[in-house]
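Undergrad: Sequence first, then the predicted structure:
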Amino acid sequence: MSERRPGRPRDESINVAILDATVDEMIEKGMDGMSMEGIAVRAGVAKTTVYRRWPSIEELCIAAIGRLGSDADPVEPTGRSARDELLAQLERMRRKWTNERYGAVMRRAAADATANPDLYARARERIVAPHIAAMNRTLQRAVDEGVIRPGVDLDWVRQLLTAPILAATMTLKSRVSRAQLEFTLDAVLNGLAP
């Protein structure tokens, strides 16, 4: 969000209404079909109210997507084993991606990426990159702890671990369970053991 000037505090319920309206517009119309005006109408606020909070539709969309998945924000390792930390990261991702609205937005964003690859890349950098970095640090820790043998392509390992969640969401298949995540994690770690 943009910098606040001194004055009356903003009504948080208005922010929530705007962000919810943004998600609805994204799901229905995609980035190319939505407008600040349409979001304002859906949220029941003046267009200037939206612009005062977010200077562009891009910033607004990124804020709306970020709010949907905020309960699964990346966190630093807790001191548990690398395996347990990886499972916790996968579980946070599973909870976020199985949120119906989040999944719908991600499907729409992936579909719109062809028409607007630069915007998709910028949003991915702001929303997804912190999660990728956190998991990469944990995978490196798994190498350091001797759980994964040295020399393995850790980016590929991360993709192996997260692919079931992404595939289920993007193809509208039944959701991945925690037990399935644990099975996948152990199968991958066993195959990569020193």
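TA: Arrived safely, thanks for sending. Numbering: from 1, shown residues only.
Undergrad: Need the mean per-residue confidence for stretch 127-142.
TA: Summarised as a single mean, pLDDT over stretch 127-142 is 92.
Undergrad: try stretch 18-37
TA: pLDDT averaged over stretch 18-37 gives 91.
Undergrad: Measure how far that stretch is from the centre of its chain, please.
TA: 17 Å (CA atoms, centre = their mean, to the nearest Å).
Undergrad: Check which residues of it are buried.
TA: 18-27, 31, 34, 36 (16 or more other CB atoms under 10 Å). All C-beta spots, glycine's among them, are computed from the backbone N, C-alpha and C.
Undergrad: Against which helices or strands is the worst-scoring helix or strand of the chain on mean pLDDT packed?
TA: Here the helix or strand of the chain ranked lowest by mean pLDDT, DSSP states H and E is helix 117-127, holding a mean of 83. Helix 117-127 sits against helix 57-68, helix 100-112, with contacts defined as 3 or more CB pairs under 8 Å, 6 or more residues apart in numbering; DSSP states H and E.
Undergrad: Redo the ones you listed as JSON lines? Include mean neighbour count, mean pLDDT and distance to Ala88.
TA: Output for these, formatted as JSON lines (neighbours: other CB atoms under 10 Å; pLDDT from 0 to 100; distance: least, CB to CB, whole Å):
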{"stretch": "helix 57-68", "mean neighbour count": "19", "mean pLDDT": "86", "distance to Ala88": "20"}
{"stretch": "helix 100-112", "mean neighbour count": "17", "mean pLDDT": "88", "distance to Ala88": "19"}
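Undergrad: got TSV for the ones you listed, with distance to Ser13 too?
TA: As requested, those are exported to TSV (distance: least, CB to CB, whole Å):
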stretch	distance to Ser13
helix 57-68	13
helix 100-112	18
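Undergrad: Of those helices, which is nearest Arg158?
TA: helix 100-112 (17.3 Å; CB to CB).
Undergrad: Would you map out the domains in the chain?
TA: 12-67, 71-191 (automatic domain parsing).
Undergrad: Good, we can wrap up now.
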